[in-house]
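Novice: What follows is a protein structure lacking sequence information:
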């Protein structure tokens with residue numbers, strides 16, 4: 001479905017955006033990179049005849065709308081966001097401007113210009129949120145579902161995902177660097193668990209959701225979680241050095257365990273055929289789901305404490321694969 005199409009990526013200079021560009025070029029796609037970071041556009045985005053860079057901010061409705069109108073993409077993948085949990089606790093106003101109002105602007109531009117599909121990249125922190133960042137993404141998910149309810153031409157959907165191993169801000173490469181340099185690792189709690197997957201897995205999940213989205217859904221990748229001591233042990237094996245660890249306590253807005261799928265969503269959750277995804281269907285919709293033969297999901301909710309994988313060698317291989325992405 002994606003081959004030879006034009007894809008508009010907000011926040012295209014981020015870790016996921018760059019990985020998406022790399023994959024889309026292999027599918028002979030044209031890519032529009034919309035980002036306010038002109039430095040990364042110049043330094044990190046490859047010079048390629050099928051890539052168009054646009055400097056702009058999703059907070060500016062006129063700019064995002066005219067950019068979509070001029071480029072006429074088939075699909076929009078909305079990755080732009082403010083993501084740092086502790087910063088968003090201190091600056092909730094900025095978080096709302098980008099993650100809530102900015103996402104609404106992206107949805108308006110998609111609707112105004114009759115884009116075929118528009119996918120919001122959300123986060124596990126949007127599920128049962130306890131911090132400003134997660135709450136902003138929860139509202140963004142609901143905004144996309146609501147836009148879909150009123151849309152006939154554009155399909156809107158969201159996909160949540162967890163900690164991407166090689167992304168900017170991921171603790172995995174940071175901890176590995178500290179171990180290699182003999183620095184003390186500061187951890188908030190040894191009991192913490194997190195969903196982990198690679199950038200390649202994240203791209204698979206996003207493009208999979210784009211392919212099968214019917215309208216208004218939230219997609220959830222079925223990935224494993226790991227506890228913090230296992231991650232540190234795996235990094236010690238990779239670096240062949242012993243880590244020095246200091247425990248500092250939970251930061252404001254931080255969870256011990258993340259939620260990818262809530263218990264309240266289980267009645268509306270289905271397995272996506274041939275993909276490692278679950279589909280949470282909207283509770284109000286004008287879309288016809290009766291013709292979609294996805295099997296009902298009958299498993300437990302996705303809390304990272306329930307899905308901890310104990311295989312240390314598998315974790316080492318996952319981290320090594322993630323660091324190469």
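Specialist: Arrived safely. Keep in mind the model is a prediction, meaning the values are calculated, not measured. Residues are numbered from 1 along each chain as shown.
Novice: got the buried residues for the longest helix anywhere in the chain?
Specialist: Using DSSP state H to define each element, the chain has its longest helix at helix 132-149. By neighbour count, and taking 16 or more other Cβ atoms under 10 Å as the criterion, the buried residues in helix 132-149 are 132-148. All C-beta spots, glycine's among them, are computed from the backbone N, C-alpha and C.
Novice: quick one: what helix or strand has residue 169 in it?
Specialist: Using DSSP states H and E, residue 169 sits within no helix or strand.
Novice: wait, what's in contact with it?
Specialist: Neighbouring residues of residue 169 by Cβ atoms under 8 Å, 6 or more residues apart in numbering: 83, 84.
Novice: In the stretch 151-300 of the chain, what residue spans correspond to helices?
Specialist: Using DSSP state H, counting those that start in this stretch, the helices of the stretch 151-300 of the chain run over 171-180, 199-212, 228-239.
Novice: rewinding a little: which neighbouring elements make contact with the longest helix of the chain?
Specialist: Under the contact criterion of 3 or more Cβ pairs under 8 Å, 6 or more residues apart in numbering; DSSP states H and E, helix 132-149 touches helix 85-90, helix 92-95, helix 103-112, strand 117-121, strand 155-159.
Novice: Make CSV out of those and add mean pLDDT.
Specialist: Formatted as CSV, these follow (pLDDT from 0 to 100):
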stretch, mean pLDDT
helix 85-90, 94
helix 92-95, 98
helix 103-112, 98
strand 117-121, 98
strand 155-159, 98
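Novice: export those to TSV and tack on mean neighbour count and distance to residue 310?
Specialist: Below are the helices and strands packed on helix 132-149 laid out as TSV (neighbours: other Cβ atoms under 10 Å; distance: least, Cβ to Cβ, whole Å):
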stretch	mean neighbour count	distance to residue 310
helix 85-90	17	27
helix 92-95	15	36
helix 103-112	23	37
strand 117-121	26	29
strand 155-159	27	27
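Novice: what inclination does the longest helix of the chain have with respect to helix 103-112?
Specialist: Angle between the axes of helix 132-149 and helix 103-112 is 20 degrees (criterion: axes from the mean of the first three to the mean of the last three Cα atoms, to 10 degrees).
Novice: ok, back up a step: deepest in the core, which of the helices of the stretch 151-300 of the chain is it.
Specialist: helix 199-212 (a mean of 21; mean count of other Cβ atoms under 10 Å).
Novice: about what we covered before: for the helices of the stretch 151-300 of the chain, give me a markdown table that also has mean pLDDT.
Specialist: Below are those laid out as a markdown table (pLDDT from 0 to 100):
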| stretch | mean pLDDT |
| --- | --- |
| helix 171-180 | 93 |
| helix 199-212 | 96 |
| helix 228-239 | 95 |
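Novice: TSV for the ones you listed, including distance to residue 265?
Specialist: Converted to TSV, the helices of the stretch 151-300 of the chain look like this (distance: least, Cβ to Cβ, whole Å):
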stretch	distance to residue 265
helix 171-180	27
helix 199-212	16
helix 228-239	26
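Novice: Of these, which is nearest residue 124?
Specialist: Smallest distance to residue 124 across the helices of the stretch 151-300 of the chain (Cβ to Cβ): 12.0 Å, for helix 199-212.
Novice: got the angle between the closest one and strand 155-159?
Specialist: Calculated by the same axes, to 10 degrees, helix 199-212 forms an angle of 150 degrees with strand 155-159.
Novice: Helix 199-212 packs against which elements?
Specialist: With 3+ Cβ pairs under 8 Å, 6+ apart as the test, helix 199-212 has helix 15-26, strand 75-78, strand 117-121, strand 155-159, strand 218-221, strand 277-280 packed against it.
Novice: mind checking which of the helices and strands packed on helix 132-149 is nearest residue 238?
Specialist: In terms of Cβ to Cβ, the element of the helices and strands packed on helix 132-149 nearest to residue 238 is helix 85-90, at 26.1 Å.
Novice: Summarise which helices and strands that closest one is packed against.
Specialist: Where contact means 3+ Cβ pairs under 8 Å, 6+ apart, helix 85-90 is packed against helix 132-149.
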